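> pasting a predicted model and its sequence here:
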Amino acid sequence: MEIGLFEVLAVILGVTELVLLYQLRKNRHSLTSYVKSLVLFGILVIPLITLSLGNYHVFVSSKEVDSCMNCHVMRPFGNDMMHDQNSMTLAARHYKNNWIKDQECYSCHKDYGFQGTMKTKADGYRHLMKYITGTYQEPIKFRGEFNSMNCMGCHSGTPVFENVHEHQPVKENLASDNPTLSCLNCHGRAHPERSRRTPGHEDYDELNREYKSIEGDAVFQPIEEGKGEEVTAFIKRIDSQN
């Protein structure tokens, strides 16, 4: 694991804090006002800076796929995306086609980042606490609705997206404050079905397999013939209802 600038700064600040506290105890009977002000700085300011750097580092490092895969319950999602040759989930298709160059998980779940809402951050913290305390049950369930604007952030405005006639009837709906549609309605599941992630299912062990390398080995498989026509028909039905 590479050691970055934030890790080095955190260590330096931590050591500085310990030195200041040691000097405070050693010379507590002969401290001048100036020294006391420095000690106060060390006790209050340095820990706050270290905490801020630590939180920022967590946000940055959590963008990587291996950060997500550190949790056992997330392995089925990563393994399906990177190692299942036959998977046609949205995540797997994006990975196999190299549509997202890196930070594959974060690119579609960027609500958890600095720009996300407080509710999403609270959900992320709740997920972490449930995992640490072991108070979750498999298969894990997503409480809420997927934000299609995460998709639109990459696709909207591109010729590949705009030139598809079927996208036009639903584009404004997806961009609205209260969308009634989701990209997943037409483009399929993003991840494996809940049943396959349930202990006892025949696919459970394979989905939870621990690979030696985080790098995926899945290659692109063409979409089944006729699937495009089904999507087109579905969107046309939506268009006729609006």
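Good, I have the coordinates. What you see is a predicted model; the values in this text were computed from it and never measured. Numbering: from 1, shown residues only.

> check contacts around the nearest residue to L207 once chain neighbours are set aside.
Leaving aside its sequence neighbours, L207 sits nearest to P76 (C-beta to C-beta, 6 or more residues apart in numbering; 3.8 Å). The way it works is simple: take the backbone N, C-alpha and C, and place the C-beta from them, glycine included. Counting by C-beta atoms under 8 Å, 6 or more residues apart in numbering, P76 makes contact with P139, H191, P192, R196, R197, Y204, L207, N208.

> which of these fall within helices?
Among these, the members found in helices (DSSP state H) are Y204, L207.

> mind putting the contacts of P76 into CSV with pLDDT, neighbour count and distance to L38?
Converted to CSV, the contacts of P76 look like this (pLDDT from 0 to 100; neighbours: other C-beta atoms under 10 Å; distance: C-beta to C-beta, whole Å):
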residue, pLDDT, neighbour count, distance to L38
P139, 91, 18, 54
H191, 94, 19, 52
P192, 94, 23, 56
R196, 94, 16, 59
R197, 94, 22, 54
Y204, 94, 18, 57
L207, 93, 20, 55
N208, 91, 16, 52
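
> may I ask which helix or strand encompasses the residue most central in space within the chain?
Geometric centre of the chain, nearest residue: Y106, 3.8 Å, by C-alpha atoms, centre = their mean. Y106 is part of helix 104-108 when elements are defined by DSSP states H and E.

> could I get the average pLDDT for that helix?
The predicted model assigns helix 104-108 a mean pLDDT of 87.

> got a list of contacts for it?
Under C-beta under 8 Å, 6+ apart, the answer for helix 104-108 is 62-65, 68, 77-78, 81, 91, 94-95, 100, 112-113, 150-151, 154, 190.

> helix or strand right after that helix?
Using DSSP H and E, the next helix or strand after helix 104-108 towards the C-terminus is helix 118-133.

> check the offset of that next one from the chain's centre.
Mean-position distance between helix 118-133 and its chain equals 12 Å (C-alpha atoms, centre = their mean, to the nearest Å).

> from the chain's centroid, how far away is whichever helix or strand comes after it?
Using DSSP H and E, the helix or strand that follows helix 118-133 in sequence is helix 149-155. Here helix 149-155 is found 15 Å from its chain centre; the criterion is C-alpha atoms, centre = their mean.

> mind giving me the packing neighbours of helix 149-155?
Where contact means 3 or more C-beta pairs under 8 Å, 6 or more residues apart in numbering; DSSP states H and E, helix 149-155 is packed against helix 104-108, helix 168-175.

> output the first one as CSV, restricted to C-alpha atoms.
This points to helix 104-108. The C-alpha coordinates for helix 104-108 follow below in CSV (Å, rounded to 0.1, in the frame of the first residue of the first chain):
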residue,chain,number,x,y,z
GLU,A,104,-15.7,2.4,-10.7
CYS,A,105,-17.8,2.2,-7.5
TYR,A,106,-17.5,5.8,-6.6
SER,A,107,-18.3,7.0,-10.1
CYS,A,108,-21.9,5.7,-9.8
